[in-house]
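Novice: sequence? don't have it. structure:
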């Protein structure tokens with residue numbers, strides 16, 4: 001296989017740069033070969049910064065032994081999917097997600113009869129058939145062109161013995177309803193997130209005993225949650241956030257022993273958490289933190305849960321994200337959270353917490369995002385609530401290396417928190433006086449937001465060492481003393497909000513060196 005003219009792009013980037021015509025192609029980055037025949041059977045060029053049209057004459061389509069092809073996270077410059085993909089007749093996995101493809105999905109794709117997984121997430125396909133309302137796929141496979149049928153109303157998935165994954169996510173104009181699911185289906189993954197699918201969740205969803213992933217977030221599903229969800233004993237991921245599901249969370253959800261991630265945020269649940277999650281009765285079960293070690297994410301944001309978080313988080317927990325924001329949670333932050341050594345994101349913003357600043361979390365080695373605004377936190381933010389004595393030493397901030405070192409953004413590939421597992425973190429931050437939701441959190445986005453609390457005391461000079469900081473929001477507190485001139489060292493700062501405090505003195509001349517600053521509020 002020659003690397004010459006493999007893709008007709010304006011640019012060739014990391015993986016293909018290592019390809020040399022005088023070397024064995026099986027040793028090339030991203031290439032997988034059959035160990036016995038030496039034939040190329042797989043190609044992974046994801047996140048490769050490829051740019052330009054996807055040519056139907058590319059030598060790629062001459063590799064008839066391909067079984068897996070991943071071209072995701074590139075930029076094909078709004079070109080269409082070539083019909084030449086049909087030449088890859090034994091292809092089982094095709095991933096073209098996040099590749100800026102457009103137009104109509106070619107009907108020739110339906111010739112890929114061995115296809116098990118087709119991922120076209122987040123592209124710009126148009127609708128070729130406004131009139132289609134009923135689509136029967138009883139004798140076809142996953143290759144059927146569901147992404148093009150944006151007014152589909154009835155979907156029949158019976159007699160599909162090979163179908164294991166359906167991913168229609170990111171097609172924001174695709175409408176439809178969930179079908180009745182037959183008993184014994186081998187379906188393992190169902191992704192309908194970020195579509196306009198609507199209607200009630202059918203009770204027959206409990207027939208999908210092999211299902212590992214059910215991702216229906218950011219759609220228009222409504223009604224009560226089916227109790228038969230507890231039949232899905234193989235389920236690892238359940239994402240239902242940003243829908244209109246109401247009523248109670250069924251107690252049968254406690255049967256999901258293989259569950260890794262559960263996300264119900266931004267729905268209309270209005271009852272207490274079922275006792276099967278914590279084995280006790282109350283607004284928030286008292287053994288909430290005593291989950292299986294396999295649980296990575298607990299996201300219950302934007303509901304109406306209330307009560308206290310108990311001191312039951314256990315040693316050995318693998319919890320990475322805990323999000324209870326936009327509820328009515330009261331009391332103090334449980335100190336047992338320090339046992340969650342893998343915790344990366346803690347979001348308790350916009351609740352009714354009444355506590356001092358949790359300096360004790362500095363012993364959490366993996367914590368990267370702490371969100372606390374819109375609560376009743378009080379006390380001097382720099383007072384010692386840890387093992388230090390007196391005022392907080394300036395050396396404290398030097399341990400925050402993620403904010404001290406300015407990354408070379410020209411050399412960084414796109415990377416976001418949560419990329420090492422399926423969940424994509426999202427947070428809401430105040431930036432330039434606007435509340436913005438970061439659906440995915442870039443690893444180079446650094447922000448401190450302690451607004452809308454009751455912190456007081458001085459703002460430390462040592463904040464100036466956090467040179468990678470992009471957003472600093474300390475507004476609506478009771479800070480005193482002059483603005484430290486060291487803030488002029490925050491060379492990446494784009495937004496600085498110190499409004500609604502009790503600051504005094506002059507505005508430091510050093511702030512004029514903040515050349516990236518777009519928003520400054522000292523009112």
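Specialist: Looks like it arrived, so ask away. Just so it is clear, the model here is predicted, and its values are computed rather than measured.

Novice: tell me the domain boundaries of the chain?
Specialist: With domains defined by automatic domain parsing, the chain comprises 1-126, 397-523.

Novice: Reformat these into a markdown table and put mean neighbour count and mean pLDDT next to each item.
Specialist: In this view, the C-beta of every residue, glycine as well, is placed from N, C-alpha and C. Formatted as a markdown table, the domains of the chain follow (neighbours: other C-beta atoms under 10 Å; pLDDT from 0 to 100):
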| stretch | mean neighbour count | mean pLDDT |
| --- | --- | --- |
| domain 1-126 | 17 | 78 |
| domain 397-523 | 16 | 70 |
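
Novice: will you turn those into JSON lines that also has distance to residue 212?
Specialist: Formatted as JSON lines, these follow (distance: least, C-beta to C-beta, whole Å):
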{"stretch": "domain 1-126", "distance to residue 212": "13"}
{"stretch": "domain 397-523", "distance to residue 212": "10"}
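
Novice: Nearest to residue 191, out of those?
Specialist: domain 1-126 (7.6 Å; C-beta to C-beta).

Novice: Show me how far the closest one is from its chain's centre.
Specialist: Counting by C-alpha atoms, centre = their mean, to the nearest Å, domain 1-126 is centred 25 Å from the centre of its parent chain.

Novice: same check, this time on stretch 170-177
Specialist: Put simply, stretch 170-177 sits 20 Å off its chain's centre (C-alpha atoms, centre = their mean).

Novice: buried set for it?
Specialist: For stretch 170-177, the neighbour count (16 or more other C-beta atoms under 10 Å) marks 170-171, 174-176 as buried.

Novice: Any figure for the gap between the residue nearest to residue 317 when sequence neighbours are not counted and residue 313?
Specialist: Nearest non-adjacent residue to residue 317, counting by C-beta to C-beta, 6 or more residues apart in numbering: residue 340, 4.6 Å away. The spacing between residue 340 and residue 313, counted by C-beta to C-beta, to the nearest Å, is 5 Å.

Novice: One more: residue 364?
Specialist: 11 Å.

Novice: Equivalent analysis for residue 333, please.
Specialist: Distance, residue 333 to residue 313, by C-beta to C-beta: 11 Å.

Novice: which residues do residue 364 and residue 313 both contact?
Specialist: Counting by C-beta atoms under 8 Å, 6 or more residues apart in numbering, the contacts common to residue 364 and residue 313 are 337, 340.

Novice: quick one, which of those two is more surrounded?
Specialist: residue 313 (22 against 19; other C-beta atoms under 10 Å).

Novice: Just the pLDDT for that one.
Specialist: Here, the pLDDT recorded for residue 313 equals 73.

Novice: Surely it touches residue 341?
Specialist: No - contact criterion C-beta atoms under 8 Å: residue 313 and residue 341 do not qualify, at 10.6 Å.

Novice: in the stretch 101-250 of the chain, which spans are strands?
Specialist: 102-103, 117-119, 124-125, 134-136, 154-156, 165-167, 175-177, 189-191, 196-200, 213-215, 220-224, 237-239, 244-247 (DSSP state E, counting those that start in this stretch).

Novice: ditto for the stretch 251-400 of the chain
Specialist: With DSSP E, counting those that start in this stretch as the criterion, the stretch 251-400 of the chain has strands at 261-263, 268-269, 297-299, 306-308, 321-323, 328-331, 345-347, 352-353, 369-371, 378-380.

Novice: can you put those strands in CSV and add mean pLDDT?
Specialist: As requested, the strands of the stretch 251-400 of the chain are arranged in CSV below (pLDDT from 0 to 100):
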stretch, mean pLDDT
strand 261-263, 80
strand 268-269, 79
strand 297-299, 78
strand 306-308, 76
strand 321-323, 84
strand 328-331, 80
strand 345-347, 84
strand 352-353, 76
strand 369-371, 78
strand 378-380, 62
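
Novice: helix/strand/coil for residue 456?
Specialist: Under DSSP: H, G, I helix; E, B strand; the rest coil, the three-state class of residue 456 is strand.

Novice: who are the neighbours in contact with the residue nearest to it when sequence neighbours are not counted?
Specialist: Distances taken as C-beta to C-beta, 6+ apart put residue 478 closest to residue 456, at 3.9 Å, once the chain neighbours are dropped. Going by C-beta under 8 Å, 6+ apart, residue 478 touches 454-456, 501-502.

Novice: And the strands of the stretch 101-250 of the chain, which one averages the lowest pLDDT?
Specialist: strand 134-136 (a mean of 34).

Novice: mind checking which helix or strand residue 89 is in?
Specialist: Using DSSP states H and E, residue 89 sits within no helix or strand.

Novice: And it, how far from residue 189?
Specialist: 24 Å.

Novice: from what I can see residue 315 touches residue 337, true?
Specialist: No - counting by C-beta under 8 Å, residue 315 sits too far from residue 337 to count as a contact (11.8 Å).

Novice: quick one: which of the two has more around it?
Specialist: Between residue 315 and residue 337, residue 337 has the larger neighbour count (other C-beta under 10 Å), namely 21 against 10.

Novice: ok, and the closest non-adjacent residue to the more buried one?
Specialist: residue 313 (5.3 Å).

Novice: try residue 76
Specialist: Spatially, and ignoring its direct neighbours in sequence, residue 76 is nearest to residue 54 (4.6 Å; C-beta to C-beta, 6+ apart).

Novice: give the contact list for the one you found.
Specialist: 7, 71, 76, 79-82, 101.
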